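*Asks:* Got a predicted structure plus its sequence, pasted below:
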4 protein chains.
Amino acid sequence: MTNLDLHGIFPPIATPFIDGKVAYDKLAANVAKWNRTGLKGFVVLGSNGEYVYLSEEEKRTVVDTVVQSAAKEMLVIAGTGCESTCETLRLTEDCARFGAHAALVVTPHYYAGRMGEAALLKHFYELADHSPIPILLYNVPKFTHINMSADFVARVSEHANIVGLKDSSGNVIQLQEILNGVAEDFNVLVGTAGVLFSGLTIGCVGAISALANVAPEACVKIFDLVKAGDLEAARELQLKMIPVNQAVTAIYGVPGLKTAMEMCGYFGGAPRSPLLPSSEKERSEIEAILKKADLLD
Amino acid sequence: MTNLDLHGIFPPIATPFIDGKVAYDKLAANVAKWNRTGLKGFVVLGSNGEYVYLSEEEKRTVVDTVVQSAAKEMLVIAGTGCESTCETLRLTEDCARFGAHAALVVTPHYYAGRMGEAALLKHFYELADHSPIPILLYNVPKFTHINMSADFVARVSEHANIVGLKDSSGNVIQLQEILNGVAEDFNVLVGTAGVLFSGLTIGCVGAISALANVAPEACVKIFDLVKAGDLEAARELQLKMIPVNQAVTAIYGVPGLKTAMEMCGYFGGAPRSPLLPSSEKERSEIEAILKKADLLD
Amino acid sequence: MTNLDLHGIFPPIATPFIDGKVAYDKLAANVAKWNRTGLKGFVVLGSNGEYVYLSEEEKRTVVDTVVQSAAKEMLVIAGTGCESTCETLRLTEDCARFGAHAALVVTPHYYAGRMGEAALLKHFYELADHSPIPILLYNVPKFTHINMSADFVARVSEHANIVGLKDSSGNVIQLQEILNGVAEDFNVLVGTAGVLFSGLTIGCVGAISALANVAPEACVKIFDLVKAGDLEAARELQLKMIPVNQAVTAIYGVPGLKTAMEMCGYFGGAPRSPLLPSSEKERSEIEAILKKADLLD
Amino acid sequence: MTNLDLHGIFPPIATPFIDGKVAYDKLAANVAKWNRTGLKGFVVLGSNGEYVYLSEEEKRTVVDTVVQSAAKEMLVIAGTGCESTCETLRLTEDCARFGAHAALVVTPHYYAGRMGEAALLKHFYELADHSPIPILLYNVPKFTHINMSADFVARVSEHANIVGLKDSSGNVIQLQEILNGVAEDFNVLVGTAGVLFSGLTIGCVGAISALANVAPEACVKIFDLVKAGDLEAARELQLKMIPVNQAVTAIYGVPGLKTAMEMCGYFGGAPRSPLLPSSEKERSEIEAILKKADLLD
């Protein structure tokens, strides 16, 4: 088991586009700004990074850019999941070469009906056996329509090179079953700020959450308050952030996340087509939500 | 708004049958035993009470029995939801007459596609306007395939005779949205012990949970530990109870709940057909789970 | 196996209400009008009859009324499915006494997760063993969230007193699997006019469809044209009826069905609460659809 | 509108692999054999072709191979749908250059919650505006968890360069709504042999179905019998093929399709990981199903 320390908050960072092309300089500028917010590191090529819209070459350049821009002490976790095992391994190896510290691997899902536990186990084990960097599992049923059960995660957690899980199901009961079952030192990260407080209080080591793109300080503060045992203050801040989190995830999606980033001083910009940019109406709703949460001046 | 104090733990009690007939004496005996466990009261005619299998007459006699058997200080909440508004009101009035302190009303759901917010609002308002006792909403998408949104609950919570909600969705994000939106003094009760710790720490006043049929003392202890601020001990007990809770709900259902009750010293018995009683294999699995949680000697 | 001849069209008839009370005289008048349209018989207490909103007494009086009003040669099939086996049997026996020729029994569904094939088999076999009239299975996943598989239907079709199935899934692939698997002389009825043409051409003996409340003659004509081998004319009429069928089922539900009935010369009236009556906007949309299908003068 | 004649049967052809590498010679050999079976053409890079497992280069070489191997009169339709609009257009242009006659474009789906009609419309219109070859829409909710409504298809069908739809929903009601709504000369192809007979009799011009990989002659015969008006023979053959179709789609998936191809004289081979090859048990079940349908000697 690696010595990777995953205690803290990681944003699954957005990928900036200008006129449909990746704006690597804006990406670097965003990272530079996030470097100063108390985050533990970055997840690059996640769902919020529109990874499915990037070409193979763009994916590699994005990872390279983030590794170059991240502060020395920050961890960089690359989303390397592809549908096939061979492409996933190839991307993982490339990201390792660029300096990523770990790979976050989503469940393959196009043939969801055939992705039983035997197929997924073979996929993850083949990767973990050959990957030069540690593997984190990524469970995101909202996008994949596949849910890894607690029993499955427990079993896979025994592999020495599979060191953690990002669970974005939002299902706290399942989170508890996972925590009860996994190998010691296996890192369970809650994958949405919607249950940041609940995930941390029940035993998760950290969080990877879209909200940390927009409000990294608030996420870090909830983390710190929970660690310090000030539950009441943590709970209050968590409840205050709920409308913001819902806005940048379930309600307005990646376009809304980018709009909110822009309003909070980061480069946001438009998503790639076919994602549509936030409408004027959505922009003003998002602005109102950010204001109410004291995230705008 | 009534002065109903809902801070505490309520089991949605099982209905005992012998040879397919309601065993009222066993019901009374179970209640007498639960009276001494620190529970705040009882929910009768809930999903765990197989209310859909009871005739109109049986429903009334069951409520009467529980009111008669409950200790003086215990609250009795009757599940009075029927598909039609008129039948729901009639049953609510009858239960009030028998001495029930409040009514828990499930969303009508057979015509789920037509149960929009306007229809549900009219249903709950008509009831609340005419009911002699306070109304609690009951959100249980697992059984009804309908989910009441946080916005809807917030709106309905303004009615003076609608005093609370049992949310059995297990969705902690939604629970937070509800807590953020409802009228002051509106009572949000978490509806499954799967998120008992998380529900209480995030702001719920109490819980109605199947697990409290089997392990009332453990549920009450989690409640007391959270109130006392001993989060670590509460969390530990919560995680220990997770397998038991999953067993008596998601995995083995009402038949498993009854089997576990029996093993824990209550009358359990068989469910009504078409529910099948626990198989021998299920019984021994349940026994192992109870043992591991230190619920059996 | 009974000699019940189910070749033909059956409407699952609506239940008229006036001021929230069952209007038995209007029900009788509707039946009298339907008697002259070429229908093979009636289904009473189906989903379109708002059976879940009727008290036990009302259910029995409704069946009695329909048997009394139906023309001598018409078959009367009563929907007798309740959640429990015992209540279903009791209602079946009562309907038989009133003169119903067969019982249509929906899958129990509140505890959907526990309604595996063993539970359903026991339920249907107990009924079929004791029922004085033949049993028809009723598969309606839209309302019950349970689907009976073709293999299950094939197995149950072996029981001498289970003589047919109404399949309202609209799934023509499953219909073919069922037709391939069931016992000889087992009657497969298509349960929605959305696939009336396709059901009949693939081998169903008849249909039970909401549309036959409103446009019995068109349904009967499609049946007759298919039997006569005039596929082109049948197909044309089928496609013409599709918007009407969608209107009185998926789009506007039971309230829309009643509105359409009213416009077509039957008594419609309002549904029971919590179903809301059609809005003015819905009424004018329904009227336009009926006009376009040449069902209004 | 192009003069593309889509009346007939098209297999969405499997991609052969040997030791995890695309076996282009086996692909060419399969095509050569299919050339002599009465098929109208081929769909390459469809779901059954494991397109999500192919690299960009492999996709292009596969299309090139099929165009080179197909008989002169055969149409080649390339599956060019990617998640982003820009990648989809780039692949479409490349396939056109290789000689594909049309492009089949699946709905982007990773961000399913954001793929409303405005987003999809923009995606398809941008493609159709710039594509050198005609576009066919591909609706396959089983894999994409998105369903294009009949109203949406009707609207998009007005574009001069969008000439048809493959609907793999298996939903015959929706198929009828689509047929009622689309522009004249728009080609509706049924996307699964499960409703081949029903699709053709209700008005589809042809079919793209996995079964045609294994049993092209039977699919062509059903098509010819329906055209000739011999409905009874067509129906009989359709019902006989149902278990085979279910085997190579819903039950055993792409691995089962490849196993069945092998047994029927084509090159099958193993799928790419993480898809698992058929187990021995599955192989013998598939063999029994093929035998019962008289597809093996």
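*Replies:* Perfect, I can see it now.
*Asks:* Leaving out sequence neighbours, find the closest residue to the residue in the stretch 1-150 of chain A that chain B sits nearest to.
*Replies:* Relative to chain B, the nearest point of the stretch 1-150 of chain A is residue A:150 (9.3 Å; CB to the nearest CB). (Glycine included, C-beta is placed from N, CA and C.) Of all residues not flanking residue A:150 in the chain, residue A:177 sits nearest, at 3.5 Å (CB to CB, 6 or more residues apart in numbering or on different chains).
*Asks:* do you know how far the residue of the stretch 1-150 of chain A closest to chain B is from residue A:81?
*Replies:* Note on residue A:150: its distance to residue A:81, by CB to CB, to the nearest Å, is 20 Å.
*Asks:* And for residue A:233?
*Replies:* Distance of residue A:233 to residue A:81, given as CB to CB: 37 Å.
*Asks:* all helices for the stretch 101-250 of chain A, in order.
*Replies:* For the stretch 101-250 of chain A, the helices defined by DSSP state H, counting those that start in this stretch occupy A:117-130, A:141-144, A:150-156, A:172-181, A:196-202, A:211-214, A:216-228, A:231-246.
*Asks:* Tell me the helices and strands packed up against the fifth one.
*Replies:* In this structure, helix A:196-202 makes packing contacts with helix A:172-181, strand A:187-190, strand A:206-208, helix A:216-228, helix A:231-246, helix B:196-202, helix B:231-246, judged by 3 or more CB pairs under 8 Å, 6 or more residues apart in numbering or on different chains; DSSP states H and E.
*Asks:* Show me how far the first one is from its chain's centre.
*Replies:* Going back to what we said before, that points to helix A:172-181. 19 Å (CA atoms, centre = their mean, to the nearest Å).
*Asks:* rewinding a little: highest average neighbour count across the helices of the stretch 101-250 of chain A?
*Replies:* Comparing those by mean neighbour count (mean count of other CB atoms under 10 Å in any protein chain shown), helix A:211-214 comes out on top with a mean of 29.
*Asks:* residues making contact with that helix?
*Replies:* A:9-14, A:39, A:48, A:193, A:196, A:218-220, A:241, A:244-245, A:248-249, A:257, A:260-261, A:264, A:266, A:290, A:295 (CB atoms under 8 Å, 6 or more residues apart in numbering or on different chains).
*Asks:* Which among the residues you listed count as buried?
*Replies:* For the contacts of helix A:211-214, a burial check counting by 16 or more other CB atoms under 10 Å in any protein chain shown picks out A:9-14, A:39, A:48, A:193, A:196, A:218-220, A:241, A:244-245, A:248-249, A:257, A:260-261, A:264, A:266, A:290, A:295.
*Asks:* circling back to that earlier point, residues touching the residue of the stretch 1-150 of chain A closest to chain B, list them.
*Replies:* Residue A:150 neighbours (CB under 8 Å, 6+ apart): A:174, A:177-178, A:180-181.
*Asks:* Swap in 7 Å and give it another go.
*Replies:* Residues in contact with residue A:150 (CB atoms under 7 Å, 6 or more residues apart in numbering or on different chains) are A:174, A:177-178, A:181.
*Asks:* on that earlier part again, kindly state which of the helices of the stretch 101-250 of chain A is positioned closest to residue D:102.
*Replies:* Evaluated with CB to CB, those place helix A:141-144 nearest to residue D:102, the distance being 29.8 Å.
*Asks:* can you list contacts of the closest one?
*Replies:* A:47, A:106-107, A:109, A:147, A:168-169, D:110.
*Asks:* who wins for neighbours among those?
*Replies:* Using other CB atoms under 10 Å in any protein chain shown as the neighbour criterion, residue A:168 leads the contacts of helix A:141-144 with 27 neighbours.
*Asks:* hmm, back to that, among the buried ones among the contacts of helix A:211-214, which lie within strands?
*Replies:* A:9-10 (DSSP state E).
*Asks:* got the contact list for stretch A:13-31?
*Replies:* A:42-44, A:48-50, A:54, A:58, A:61-62, A:65-66, A:69-70, A:213, A:257-258, A:261, A:266-267, A:269-270, A:272, D:86.
*Asks:* Let me see the mean pLDDT of stretch A:258-269.
*Replies:* Mean pLDDT, computed over stretch A:258-269, is 98.
*Asks:* so does that stretch get close to chain D?
*Replies:* No: residues of stretch A:258-269 are not located near chain D by CB under 7 Å from any CB of the partner chain, the shortest gap being 12.2 Å.
*Asks:* Double-check residue A:243 against residue A:290; I have them as touching.
*Replies:* No: taking CB atoms under 7 Å as the definition, residue A:243 is not a contact partner of residue A:290, at 9.2 Å.
*Asks:* neighbours of residue A:160, just the number please.
*Replies:* Using other CB under 10 Å, residue A:160 has 11 neighbouring residues.
*Asks:* and if you look at residue A:185?
*Replies:* Residue A:185 sits with 12 neighbouring residues when counted by other CB under 10 Å.
*Asks:* Same question for the one 10 residues further on.
*Replies:* Here the neighbour count serves as a burial measure; for residue A:195 (other CB under 10 Å) it reads 33.
*Asks:* And the pLDDT at it?
*Replies:* 98.
*Asks:* and if you look at the one 4 residues further on?
*Replies:* Residue A:199 is assigned a pLDDT of 98 by the prediction.
*Asks:* just residue A:76 next, same as before
*Replies:* Residue A:76 is assigned 98 on the pLDDT scale.
*Asks:* and if you look at residue A:272?
*Replies:* In this model, residue A:272 is scored at 98, pLDDT.
*Asks:* Check residue A:1 too.
*Replies:* Looking at residue A:1, its pLDDT is 44.
*Asks:* How about residue A:297?
*Replies:* At residue A:297, pLDDT is 80.
*Asks:* count of residues packed around it?
*Replies:* Neighbours of residue A:297 (other CB under 10 Å): 5.
*Asks:* repeat for residue A:23
*Replies:* 16.
*Asks:* What's opposite residue A:190 in the beta bridge?
*Replies:* Counting by DSSP bridges, residue A:190 is bridged to residue A:167, residue A:207.
*Asks:* any idea how far chain D is from it?
*Replies:* Using CB to the nearest CB, to the nearest Å, residue A:190 is found at 21 Å from chain D.
*Asks:* And residue A:224, by the same measure?
*Replies:* Residue A:224 sits 32 Å away from chain D, going by CB to the nearest CB.
*Asks:* show me the residues around that residue that make contact.
*Replies:* Contacts for residue A:224 (CB under 7 Å, 6+ apart) come out as none.
*Asks:* ok, how many other residues are close to the residue nearest to residue A:179 when sequence neighbours are not counted?
*Replies:* Nearest non-adjacent residue to residue A:179, counting by CB to CB, 6+ apart: residue A:203, 4.8 Å away. Using other CB under 10 Å, the number of residues around residue A:203 comes to 17.
*Asks:* pretty sure residue A:203 contacts residue A:178?
*Replies:* No: Residue A:203 is beyond contact range of residue A:178, at 9.5 Å (criterion: CB under 7 Å).
*Asks:* Skipping its backbone neighbours, what lies nearest the residue in the stretch 151-297 of chain A that chain C sits nearest to in space?
*Replies:* Using CB to the nearest CB, the single residue of the stretch 151-297 of chain A nearest to chain C is residue A:173, 15.2 Å away. Excluding the flanking residues, the one nearest residue A:173 by CB to CB, 6+ apart is residue B:194, at 3.7 Å.
*Asks:* helix or strand for residue A:77, which one?
*Replies:* In this assignment (DSSP states H and E), residue A:77 forms part of strand A:75-79.
*Asks:* Quick check: what element follows that strand along the chain?
*Replies:* Next in sequence after strand A:75-79, counting helices and strands by DSSP H and E, comes helix A:85-98.
*Asks:* What mean pLDDT does that following helix get?
*Replies:* On average, helix A:85-98 scores 97.
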